[in-house]
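Asks: Provided below are the primary sequence and the corresponding predicted coordinates.
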Amino acid sequence: MVKLCEKLMKILSKNLGLQEDRLQNAFGGKEESGGCLRVNYYPKCPQPELTLGISPHSDPGGLTILLPDEQVAGLQVRGSDDVWITVEPAPHAFIVNIGDQIQMLSNSIYKSVEHRVIVSPANERLSLAFFYNPKGNVPIEPLKEIVTVDSPALYSSTTYDRYRQFIRTQGPRSKCHIDELKSPR
């Protein structure tokens, strides 16, 4: 999973017009980036309209690689018209979400994905989520190569550790956390 994330980081860097190792280096380099795997179990729920599996949020880290249950849909993303769209699982496919750290580094060229998890009235569901994150104490801010007079830095410098602490103190609030870190202009 780490190697897949490293390849995705190269692709994202090149797409920004940067050296292929630029985002990885901003994460603290290959040896310093972190990953963790979480297994989520969602039991069936006879009244799914009364609960969510996970409330709306964007992932605070860099990349999330999700292996969904192929039989039961449960991930929803917020569409541009503010409507929740169910992501239908595809056989043998991962779902890749951009996280808040990539949004900050790219100065909002890449946007983190606001999503939530719903439960099924008829089926239990498992999903595996791999989170790829920067080193905790590395400053995260819009990359200098992207910031221009016409496109000033949108975010103040922070670290992943400080950002996670900020989110924990604020509680779940959709995608508001990253918006609160925008630099005053």
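Replies: That came through, no problem. Numbers count the residues shown, from 1 in each chain.
Asks: contacts for stretch 145-163, please.
Replies: Identification of contacts with stretch 145-163 by Cβ atoms under 8 Å, 6 or more residues apart in numbering yields 16-18, 22, 60-61, 100-101, 104, 106-109, 133-142, 166, 177-178, 181-183, 185. No exception for glycine: its C-beta is placed from N, CA and C like everyone else's.
Asks: report the buried members of the residues you listed.
Replies: The neighbour-count criterion (16 or more other Cβ atoms under 10 Å) marks 16, 18, 22, 60-61, 100-101, 104, 106-109, 133-135, 138, 140-142, 177-178, 181 among the contacts of stretch 145-163 as buried.
Asks: and the gap between the residue lying closest to S108 once chain neighbours are set aside and L105?
Replies: Nearest non-adjacent residue to S108, counting by Cβ to Cβ, 6 or more residues apart in numbering: L154, 5.4 Å away. According to Cβ to Cβ, to the nearest Å, L154 and L105 sit 11 Å apart.
Asks: ok, H57 next?
Replies: From H57 to L105 the distance is 19 Å (Cβ to Cβ).
Asks: same check on S13?
Replies: Distance of S13 to L105, computed by Cβ to Cβ: 10 Å.
Asks: what about the biggest helix by length in the chain, distance to the chain center?
Replies: In the chain, taking DSSP state H as the definition, the longest helix is helix 2-15. On the basis of Cα atoms, centre = their mean, to the nearest Å, helix 2-15 sits 14 Å off its chain's mean C-alpha point.
Asks: swap in stretch 66-74?
Replies: Here stretch 66-74 is found 17 Å from its chain centre; the criterion is Cα atoms, centre = their mean.
Asks: contacts for it?
Replies: Against stretch 66-74 from outside (Cβ under 8 Å, 6+ apart): 42, 53, 75, 86-91, 94-97, 117-120, 123-130.
Asks: ok, now with 10 Å
Replies: By Cβ atoms under 10 Å, 6 or more residues apart in numbering, the surrounding residues in contact with stretch 66-74 are 1, 37-40, 42, 44, 48, 53-54, 59, 75, 86-97, 115-120, 122-131.
Asks: please convert the buried members of the residues you listed into PyMOL selection syntax.
Replies: Applying 16+ other Cβ under 10 Å to the contacts of stretch 66-74, the buried members can be selected in PyMOL as follows:
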select buried, resi 1+40+42+48+53+59+75+89+95+97+115+116+117+118+119+120+125+127+129+130+131
